[in-house]
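Asks: quick one: sequence plus predicted model below, questions after.
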Amino acid sequence: MDPAETLAERCAKTAADLTVPALLHRNATEFADLPALTTFDRDDTRTWAELRDEVAELSGGLAEIGLEPGRHMLIMMSSRPEHWLVDLAAVHLGAVPSTIYPTLSTDQMRYLALHSGAQVLVLEGPAALARWRSILPDLPHLRRVVLVDEADPGDTTPETVPLSQVRSLGRAAHQADPDAFERRWREVRPEQPVTLLYTSGTTGEPKGVVLSHHNVIYQAVSLEANVSVPDHAPSVAYLPLAHIAERFLGIYNAIYRAGHVTICPDATQLVAALRAVGPPSFFGVPRIWEKMAAGVQAHLAGAEPAVQAAFSAASATALEAYGLRAAGQPVPDELAARLAQVEAAVLRPIQSTLGMHNMVWAGSGAAPIPVEVLRFLAGLGVDVLEVWGLTETTGTATINTPDRFRTGTVGRPHIGMEVRLADDGEILVRGPLVCSGYLRGDGSVEPVVDADGWLATGDVGTIDDDGFLTVTDRKKELIITSSGKNISPAHIEGLLRAHPLIGQAVAIGDRRPYVTALIVLDDEVAPQWARARGISEAQLPGLASDPLLLAEIQAAVDAANASLARPEQVKTFQVLPSSWTPESGELTPTLKLRRRVIVDRYGESIDALYGSAGVAVESATG
C-alpha cells in the first residue's frame, strides 16, 4: 500500500473496475457455501452458489422473453427472494431493473411504465395483475408481464408468463449456449446503470434517478472504510427495495461484503427478526427508532420502582460516556468500567429485546429524527448516528461514524465526497456517489450537476468548524414523513383545490407519520353552495363546522385520495373558519402559500390532527 495514497484514492482504486455481476461471481466462487439470502421464519436459505445459479437461469429466461441490454424492467412486488433474483438476473443481462412502490395509483403506474419504456413488468400475482390490466394496452414497449405467483388462465393476459416458465426458458437457453450467461455479464461495465429509482419531484412528477455500478460499489467500499463490521455479517432487510437505503444495504452492500441478508417481509416482525439475527449494523428510518424508544418507555412506566431506579442510573452512566464521545473526548477508565458493569447488569437485556445486542453501527436517515430520541437510545447503550443524502447521491453523502460523530448533525462528508454551501445556504455535493442523472422520456440521461460537477440538493444547512453538516431546512417543497417517504405537497393540494368549494389547502406531514390537510373554503363559492341548500349560516366561520358541508369536503378528499399513492393520501383534515389572503399573511402577494407561517400559526390545529382521533397511522414502511 502506498503510504502517500489518500483514503479516497484507495477507495476509488478498489471500486474502479468492479460490477455487481463480477462481485456475485466472486462470492459464488470464493464463498460458495456461505449463506446469502434467507426469509425470516422460513427455512429457505440460499448459499451464494445457489443464488447465482438461480440468477443465471432467470437471466437467460428474461433474455428469451425479450429483455434487452440497456432497456428497463419494472418490478412491483413485496420483499421476497424472487425480488432479489429477478433484479440481479436483469443486471446480468446489462438491463436496468426498477422497483416501484405497490402503493402507487393507476395513473402513477402508467406514467412510470411509459416513461421508463419498460420491456418487462414483474408482478407478484393475480391481484397485482388485476390492477395493471387496464394499463397494459397503453404500453407500446412492453413485451411480457412476469407473474411470480401462478394464476388461473382466466386471470392472465396474452402478455403474461409465469416465473416458473421464465426459469424453464433459461435452462433450455443455457443448454443451447452454455457460455451465453458468462459472455453477457462480462460485457457489463462499471459506468453502466445498475438500477433506476423513481423519486418524488416538487411538482409531483417523479424523477427517474439513474445509478451506476460504480455509484453503488463505491458507496459500499467507502462504508466499509468508515464503519468496521465483521466480514460476511448478517443483516435484516425490511424496507421496500424501491427505497435507496434498502436497495443499497440489502442488495449491493450485501454482495460486496458477501453478507447474509434476512428478509423481513412484515414490518411488524422487525424487532423479532432483529432479535433472531443480531446484526452488527442496522439502518432505521426515524419512525423505527421512535417506536423502539416509545416501547421501552412504556415498559419502564409499568415497572417496579427499583427497576426504574436501576435503569435511570445505568442510563445516566451511558449518557455521560456518550456525551464525551460525541465531543471527541476519551472516556476515562473509571467511567468505562462503570459503563461495562451497568451494561451487563441493566442495559444489555434491554438491547437484546430490541435486537441491538451486537450493534456496532446503528444509523438513522431519510428524515430528521428528534435529538431527544437519539439521547434516550444512547441511554440504552445504543448510539444511533444520523446520515444524510438523497437517492441522487446513492443514499448516504454524509455520515456520523462510531469514532467521530456529533449529535444533531448528519455527520461529515463520505470518503471522496465534497460538500459546500451556496450563497443562500443550499447544500451542494460533488463526488463519486452522485448519480449519472435523470432518465428522460426518450431514454437519454439528463445530468444533475452543473459545469463544475456540483449537485444542488435543495436542502439548506450549516457546516461547523469540524466539518459536521446540520440540515436546517429544505428549499424543495417536499414532505418527508417520519417513515422517510418523499411526498409532493403541491400535487396533493392541487387535487384538493380541484373541488370548487376548496379555495386553499395545505398538506401537512413533514416528520409526521401520515399526511393531513388544512382546508380553507372558497369565500365566494362556499356561501353560494350553502344558500342553495338552505343552510342558514352561509358565512365561512359557521360553514367550517356544518355537517353537510363537511361531508362534501370529505367527498372531495376521497376523490383526491383515489388519485394518490397510499402514503400520499390525506388521512384527516380540518376546515378553517376564515380565508387566507396576502394581508392576513398566509399567502404571498402572488398568492403562493407561506408554509412556515401557516405551520406556526395553526400549530394547535395541526397537532390536533395527529391526536387520538381513531385515524390509522402509517406503518414504518408505508
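Replies: Received, thanks.
Asks: so how far is G484 from the residue nearest the centre of the chain?
Replies: Centrality entry for the chain: nearest residue to the mean C-alpha point is H243, 3.4 Å, by CA atoms, centre = their mean. According to CB to CB, to the nearest Å, H243 and G484 sit 7 Å apart. For glycine as for every other residue, the C-beta is placed from the backbone atoms N, C-alpha and C.
Asks: mind listing the shared neighbours of the two?
Replies: Here H243 and G484 have A366 as joint contacts, going by CB atoms under 8 Å, 6 or more residues apart in numbering.
Asks: what residues are bridge-paired with T396?
Replies: Listed beta-bridge partners, T396: G389 (assigned using DSSP bridges).
Asks: residues touching it, list them.
Replies: Shown here is T396, whose contacts under the criterion CB under 8 Å, 6+ apart are Q219, L223, G365, V387, W388, G389, H414, L433.
Asks: neighbours of the residue nearest to L23 when sequence neighbours are not counted, just the number please.
Replies: Spatial nearest neighbour of L23, excluding adjacent residues (CB to CB, 6 or more residues apart in numbering): I255 at 4.9 Å. When counting by other CB atoms under 10 Å, one arrives at 25 neighbours for I255.
Asks: need the pLDDT of I255.
Replies: On the pLDDT scale, I255 is placed at 98.
Asks: surely it and P21 touch.
Replies: No - applying CB atoms under 8 Å as the test, I255 and P21 come out as separate, 9.5 Å apart.
Asks: what ranges do the helices span in the stretch 401-550 of the chain?
Replies: Using DSSP state H, counting those that start in this stretch, the helices of the stretch 401-550 of the chain run over residues 489-497, 525-532, 540-543, 547-561.
Asks: re earlier: next up, the contacts around the residue nearest to the centre of the chain.
Replies: The contact partners of H243, by CB under 8 Å, 6+ apart, come to A366, G484.
Asks: Y198 now?
Replies: Y198 sits next to S98, I100, L112, P206, K207, G208, V209, A242 when contact means CB under 8 Å, 6+ apart.
Asks: go again using 10 Å as the cut-off
Replies: Contact partners of Y198, counting by CB atoms under 10 Å, 6 or more residues apart in numbering, are 74, 98-101, 104, 108, 111-112, 115-116, 205-209, 242, 391, 438-439.
Asks: helices along the stretch 201-350 of the chain, start to end?
Replies: Assignment of helices within the stretch 201-350 of the chain using DSSP H, counting those that start in this stretch yields the ranges 213-226, 244-247, 254-257, 270-277, 286-301, 305-326, 333-342, 348-354.
Asks: out of the ones you listed, which gets nearest to T470?
Replies: When these are compared by CB to CB, helix 305-326 sits nearest T470, at 13.7 Å.
Asks: next, the buried residues of the closest one.
Replies: The neighbour-count check on helix 305-326 (16 or more other CB atoms under 10 Å) flags A310, F311, A314, S315, T317, A318, L319, A321, Y322, R325, A326 as buried.
Asks: how near is the third one to P190?
Replies: Taking CB to CB as the measure, A314 and P190 are separated by 48 Å.
Asks: so how far is the strand ranked longest in the chain off the chain centroid?
Replies: With residue count as the measure and DSSP state E as the assignment, the chain has strand 455-463 as its longest strand. Centroid displacement of strand 455-463 relative to its chain, using CA atoms, centre = their mean, to the nearest Å, is 19 Å.
Asks: buried residues in that strand?
Replies: Using 16+ other CB under 10 Å as the burial criterion, the residues of strand 455-463 that qualify are L455, T457, G458, D459, V460, G461, I463.
Asks: tally of neighbours for the residue lying closest to the third one once chain neighbours are set aside?
Replies: Read it as G458. Excluding the flanking residues, the one nearest G458 by CB to CB, 6+ apart is K476, at 3.8 Å. Around K476 sit 17 other residues, with neighbours defined as other CB under 10 Å.
Asks: again with A362
Replies: The tally of other residues near A362 (other CB under 10 Å) stands at 19.
Asks: contacts for the helix or strand that it is a member of, please.
Replies: In this assignment (DSSP states H and E), A362 forms part of strand 361-364. Contact partners of strand 361-364, identified using CB under 10 Å, 6+ apart, comprise 223, 226-229, 245, 249, 279-290, 356, 373-374, 377, 382-387, 396, 399-402, 410-411, 484.
Asks: ok, 6 Å please
Replies: Strand 361-364 is contacted from outside by 227, 281-284, 286, 289, 382, 384-387, 402, using CB atoms under 6 Å, 6 or more residues apart in numbering.
Asks: is the residue nearest to F405 when sequence neighbours are not counted bridged to anything, and to what?
Replies: For F405, the nearest residue in space outside its immediate sequence neighbours is L385; the separation is 5.0 Å by CB to CB, 6+ apart. With DSSP bridges as the criterion, the beta-bridge partners of L385 are G363.
Asks: so what's L385 up against?
Replies: Contact partners of L385, counting by CB under 6 Å, 6+ apart, are G363, N400, F405.
Asks: run the last query once more with 8 Å
Replies: For L385, the residues meeting the contact criterion (CB under 8 Å, 6+ apart) are W361, A362, G363, S364, I399, N400, T401, P402, F405, G411.
Asks: okay, now the first one: neighbour count?
Replies: Other residues near W361 number 21, with proximity taken as other CB under 10 Å.
Asks: for W454, grab phi and psi.
Replies: The phi and psi values for W454, taken as degrees, to the nearest 10, are phi -90, psi 130.
Asks: hmm, who's touching stretch 135-155?
Replies: 65-67, 71, 77, 80, 82, 86, 106, 109-110, 113-114, 117-126, 129-130, 132, 156-157, 159-164, 166.
Asks: got a list of what A245 touches?
Replies: Under the criterion of CB under 8 Å, 6+ apart, the contact partners of A245 comprise L239, F283, V285, G365, A366, G395, G484.
Asks: closest to A532 out of the contacts of T396?
Replies: Nearest member of these to A532, counting by CB to CB, is G365, at 51.4 Å.
Asks: wait, the closest one touches I288, no?
Replies: No - the criterion here is CB under 8 Å, and G365 misses it with I288 at 11.1 Å.
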